[in-house]
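> Next come a sequence and a model predicted from it.
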Amino acid sequence: MSDRTLTIYTTGRCSDCQATKMALERLGVPYEEVNIEEDPGAADYVLEVNGGRRSVPTLAFGDDAASLSNFDRRRLDAFLDRHDLR
């Protein structure tokens, strides 16, 4: 993973993850997906950046990470705008 790549941490059955990925695709924002059920290191990262919560989707860009659990388009837009990703 590059610091300049938007990464979305997901699980297989997460509806908020699906909504986030669909929104990113509609906006044409490239991303790398990491399923935390398949990558223990990624699961540890999600726990670390979310105060011990296994909260997905979690977006990461550089040193910034944010949970989008309970998907809200405004929070996604704010994250993307903060990093000039659209």
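All right, it came through fine.
> where's the residue positioned nearest the centre of the chain, which helix or strand?
In the chain, the C-alpha nearest the mean C-alpha coordinate belongs to residue 59, at 2.3 Å (CA atoms, centre = their mean). Secondary structure from DSSP states H and E places residue 59 in strand 58-61.
> re the thing from before, the residue nearest to the centre of the chain and residue 46, how far apart?
11 Å (CB to CB, to the nearest Å). For glycine as for every other residue, the C-beta is placed from the backbone atoms N, C-alpha and C.
> okay, and the common contacts of the two?
Taking CB atoms under 8 Å, 6 or more residues apart in numbering as the criterion, residue 59 and residue 46 both touch residue 9.
> Give the partner strands of the helix or strand that comes right after the strand holding residue 59 in its sheet and their orientations.
As assigned by DSSP H and E, the chain's next helix or strand after strand 58-61 is strand 64-67. Sheet pairing of strand 64-67 (DSSP bridges) gives strand 58-61 (antiparallel).
> still on that earlier bit, can you tell me which residues contact the residue nearest to the centre of the chain?
Neighbouring residues of residue 59 by CB under 8 Å, 6+ apart: 6, 7, 8, 9, 20, 65, 66, 68, 76, 79.
> So which of these sit within strands?
Those of the contacts of residue 59 mapping onto strands are 7, 8, 9, 65, 66, per DSSP state E.
> What residues sit buried inside the top helix by length along the chain?
As assigned by DSSP state H, the longest helix anywhere in the chain is helix 15-27. Residues 16, 17, 19, 20, 21, 23, 24 are the ones in helix 15-27 that count as buried (16 or more other CB atoms under 10 Å).
> Stretch 27-39 now?
Those would be 31, 34, 35, 36, for stretch 27-39 by 16+ other CB under 10 Å.
> No more questions from me, cheers.
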